[in-house]
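# Sequence unavailable; structure follows:
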């Protein structure tokens, strides 16, 4: 290797950082290639357990982890040996008789979120990274995967609240950066709310005839918004944890439909009763209650379909779903409510 | 030990499960005591490295992890040795000269979220658990801490969307359980929205005089709601990651105040301009724009103060903050908007 001694010296000082700096130039953002370290324990299949332990003793100090060892031949990955198995096995045993050949691995371009999932699913300490030629080029360790998991989740939570995620913690992000991260979504959502506003404005004569209708705008908008975000949050989290997939769409719709009806009817009854007692207006009670069931159902349908479809076309459901759901649900809520009210009151 | 052979046999079959079943009866929910395993590698300070490795070879197969070893004397924890250090050290070295005595540990009653934080902060593979007498009673391993982290985050996301968290994935939760998890918050939020509604109803004469006011209800309610949830989501996540604390309250308020002004003014200008162009109504533009700045500022103040205070009094900010913020912000939005509009229009 060219300049090996310089390289080794550099690694001694800040092994992780330097390798990362180099990898950053080669592999795409948020890929396994970016997360990996090239400092792993490599073994050969014809080595004995004793030879392997001696090898770890000589070279282990420079390695990111010594608890999973990789058996290679001409840089191809043949198998994996856990250091636990090495330590509890007989000294004479050959590595090829000890290694596991069913290997869970990722490619250099695998997205870091997928990498994190594998750690979670298989309880791994490290994961080998292969290139396009199936050559072992590095490993990702659990502590790096953990950092990714936490960052990805923070990103999801941030996006679901209509904020562009920041790379840094709250206090380390400047006021101007916070403003930049928030204002675009607020502008988009503000202007989409004007669409809802113009729908309401279109029912000016209905409002003039039954002014009380206006006071139910918050009930319908909030219930629609909350009903929709309940569903979308569960679906987005399910997608992030790989528990829900696009193929589940019909099941999700059927499930959310039944939930909508069972949630909507008590809401409608409770609110209808309140209107009858307080406002003594049966028609108003009818208009609000029917609208409530409709709004809850529509919002839960949108809250389930939209994240799945957005994910399917390769966009991020956390960032796209929430604002769109709010806008669509708001608009439909008002159309339904004033449409139903106009019909019931004969306006 | 009483019944050691039976116990060991049980452990061989399903070591983790059985110990957990026993611990479940002793330690509180969501505590380190519940997460821990009693199967760790114990060493003595006068052992040599070679003796320690031989000890691991004999007993390691039954242990949950062999990669961190615990040095005890009369069951008190004296130090910690990583197996990496054992493997790369001279055979004759005494454990007392190799062990680290600065130990990060938790107590049996430490909350699992705090345990998870320590793994994240210090990049640990395992964490010793001490009882009230500072006796080592077990260890928590990283893979168990990881499961806790993922579950806690899912809970936070679920609660922030006004859903009672489920112990099980989306599809494994029955329709009735989903209904139960969602309906209470929807009912509470629906009735709190009627408060906002009655505020609007109180301005009936103002609406009759300027009917167009009604069409700006969605703009102000949505912008307030979104502005508040942007802030509360960042604060709640910051609290969960231990990056923000109650003592930061003044800093948070000052930061959010500056952000509010810098976000509010462009929103106000954009919307004011739109009203002047489309509605050709300067007074309306003034009323909506002034209200927007006020609503954004108030919602961001509430979104920052409420989660911190709720956490301070020992309640869960994720579950309590979101619905309260919506309700308070909605109410204040409408009071400000109609109050300001009534004054500007001289109603």
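Yep, that arrived. Small disclaimer: the values here were computed from a predicted structure and weren't measured.
# how about residue A:318, what does it touch?
Going by CB atoms under 8 Å, 6 or more residues apart in numbering or on different chains, residue A:318 touches A:155, A:156, A:159, A:160, A:236, A:240. The C-beta positions use only the backbone N, C-alpha and C, and glycine is treated the same way.
# same question, residue A:308
Residue A:308 neighbours (CB under 8 Å, 6+ apart): A:235, A:239, A:244, A:246, A:248, A:249, A:252, A:317.
# burial of the residue of the stretch 51-200 of chain A found nearest chain B, as a residue count?
Using CB to the nearest CB, the single residue of the stretch 51-200 of chain A nearest to chain B is residue A:161, 3.3 Å away. Residue neighbour count, defined by other CB atoms under 10 Å in any protein chain shown, stands at 24 for residue A:161.
# these two touch, right, it and residue B:228?
No: Residue A:161 is beyond contact range of residue B:228, at 9.5 Å (criterion: CB atoms under 8 Å).
# Skipping its backbone neighbours, what lies nearest the residue of the stretch 51-200 of chain A closest to chain B in space?
Take residue A:161 and drop its neighbours on the chain: the residue closest to it by CB to CB, 6 or more residues apart in numbering or on different chains is residue B:233, 3.3 Å away.
# From residue A:325, how far out is the one you found?
Here residue B:233 is placed at a distance of 16 Å from residue A:325 (CB to CB, to the nearest Å).
# How about stretch A:77-95 and chain B, any contact?
Yes: using CB under 8 Å from any CB of the partner chain, stretch A:77-95 reaches chain B at A:83, A:84, A:87, A:88.
# Just give me the neighbour total for residue A:153.
Using other CB under 10 Å, the number of residues around residue A:153 comes to 25.
# Helix or strand for it, just tell me which one.
Element membership for residue A:153 (DSSP states H and E) is helix A:142-160.
# before we move on, what about residue A:315?
Here residue A:315, judged by DSSP H and E, is contained in no helix and no strand.
# Mind listing what's buried along the helix holding residue A:153?
A:142-146, A:148-160 (16 or more other CB atoms under 10 Å in any protein chain shown).
# just checking, next helix/strand downstream of it?
As assigned by DSSP H and E, the chain's next helix or strand after helix A:142-160 is helix A:175-202.
# relative orientation of that next one and helix A:142-160 in degrees?
Going by axes from the mean of the first three to the mean of the last three CA atoms, to 10 degrees, helix A:175-202 is angled at 40 degrees with respect to helix A:142-160.
# what pLDDT, on average, does helix A:175-202 get?
For helix A:175-202, mean pLDDT rounds to 91.
# about what we covered before: what sits against the residue nearest to residue A:161?
By CB under 8 Å, 6+ apart, the contact set of residue B:233 is A:157, A:158, A:160, A:161, A:163, B:160.
# can you tell me which of the residues you listed lies nearest to residue A:259?
Taking CB to CB as the measure, residue A:259 sits nearest to residue B:160 out of the contacts of residue B:233, at 19.0 Å.
# follow-up on the earlier one: and the pLDDT for the residue nearest to residue A:161?
Looking at residue B:233, its pLDDT reads 89.
# so which helix or strand takes in it?
Counting by DSSP H and E, residue B:233 is part of helix B:217-240.
# Quick check: the residue of the stretch 51-200 of chain A closest to chain B vs residue A:189, distance?
On the measure of CB to CB, residue A:161 and residue A:189 end up 11 Å apart.
# ok so, going back, who's in contact with the helix holding residue A:153?
When contacts are defined by CB under 8 Å, 6+ apart, helix A:142-160 is touched by residues A:35, A:37, A:112-113, A:115-116, A:119-120, A:124-127, A:164-166, A:233, A:236-237, A:240, A:316, A:318-319, A:321-322, B:119-120, B:123, B:142, B:146, B:149-150, B:153, B:156-157, B:160, B:233-234, B:236-237, B:241.
# For that helix, what is the distance to the chain centroid?
Helix A:142-160 sits 8 Å away from the centroid of its parent chain (CA atoms, centre = their mean, to the nearest Å).
# where does chain A have low pLDDT?
Counting by pLDDT under 70, chain A has low-confidence residues at A:1-25, A:320-321, A:323.
# Now with 50, please.
The model of chain A has pLDDT under 50 over residues A:1-15.
# Could you verify my assumption that residue A:126 touches residue A:69?
No: judged on CB under 8 Å, residue A:126 makes no contact with residue A:69 at a distance of 9.7 Å.
# what touches both of those two?
Taking CB under 8 Å, 6+ apart as the criterion, residue A:126 and residue A:69 both touch residue A:40.
# if we can go back for a sec, just the residues of stretch A:77-95 next to chain B: which are in helices?
A:83, A:84, A:87, A:88 (DSSP state H).
# Counting neighbours, which of those residues comes out on top?
Neighbour tally across these (other CB under 10 Å): the maximum, 23 neighbours, falls on residue A:83.
# Show the contacting residues for it.
Listed by CB under 8 Å, 6+ apart, the contact set of residue A:83 reads A:41, A:56, A:66, A:67, A:68, A:69, B:67, B:83, B:87.
# can you check residue A:204 too?
Residues near residue A:204 by CB under 8 Å, 6+ apart: residue B:211.
# separation between it and residue A:230?
Distance, residue A:204 to residue A:230, using CB to CB: 33 Å.
# try residue A:327
Residue A:327 sits 17 Å away from residue A:230, going by CB to CB.
# do residue A:33 as well
38 Å.
# between the two, who's got more neighbours?
Between residue A:33 and residue A:230, counted using other CB under 10 Å, residue A:230 has the larger neighbour count: 27 against 23.
# Using the three-state scheme, assign residue A:136.
Put simply, residue A:136 is strand when judged by DSSP: H, G, I helix; E, B strand; the rest coil.
# Make sure it is actually in contact with residue A:76.
Yes: the criterion here is CB under 8 Å, and residue A:136 meets it with residue A:76 at 7.1 Å.
# which one of the residues of stretch A:77-95 next to chain B is nearest residue A:48?
Nearest to residue A:48, judged by CB to CB, of those is residue A:87 at 13.6 Å.
# How about that closest one: what's its closest non-neighbour residue?
Excluding the flanking residues, the one nearest residue A:87 by CB to CB, 6+ apart is residue B:56, at 5.4 Å.
# what's near enough to touch that neighbour?
Residue B:56 makes contact with A:87, A:88, B:41, B:66, B:69, B:83, B:86, according to CB under 8 Å, 6+ apart.
# Over to it: give its phi and psi.
Main-chain dihedrals, residue B:56, degrees, to the nearest 10: phi -60, psi -40.
# Would you quantify the distance from it to residue A:86?
The gap separating residue B:56 from residue A:86 is 11 Å, by CB to CB.
# Next, count neighbours for residue A:202.
Residues near residue A:202, counting by other CB under 10 Å, number 14.
# same question, residue A:317
A count of neighbours around residue A:317, defined by other CB under 10 Å, yields 23.
# what about the nearest residue to it once chain neighbours are set aside, how many neighbours?
Distances taken as CB to CB, 6+ apart put residue A:307 closest to residue A:317, at 3.8 Å, once the chain neighbours are dropped. Neighbour count for residue A:307, taken as other CB under 10 Å: 30.
# what sits against residue A:307?
For residue A:307, the contacting residues are A:232, A:235, A:236, A:239, A:317, A:321, by CB under 8 Å, 6+ apart.
# try it again with 6 Å
By CB atoms under 6 Å, 6 or more residues apart in numbering or on different chains, the contact list for residue A:307 reads A:232, A:235, A:236, A:317, A:321.
# what's in contact with stretch A:219-228?
A:291, A:295-296, A:299-300, A:302-303, A:325-326, A:329-330, A:333, A:337, B:162, B:186, B:189-190, B:193-194, B:197.
# re the thing from before, buried subset of the contacts of residue A:308?
Judged by 16+ other CB under 10 Å, buried ones among the contacts of residue A:308: A:235, A:239, A:244, A:248, A:252, A:317.
# Closest one to chain B out of those, please.
Checking the buried ones among the contacts of residue A:308 against chain B with CB to the nearest CB, the nearest one is residue A:244 at 5.9 Å.
# right, and that closest one touches residue A:238 too?
Yes: under the criterion of CB atoms under 6 Å, residue A:244 makes contact with residue A:238 at 3.4 Å.
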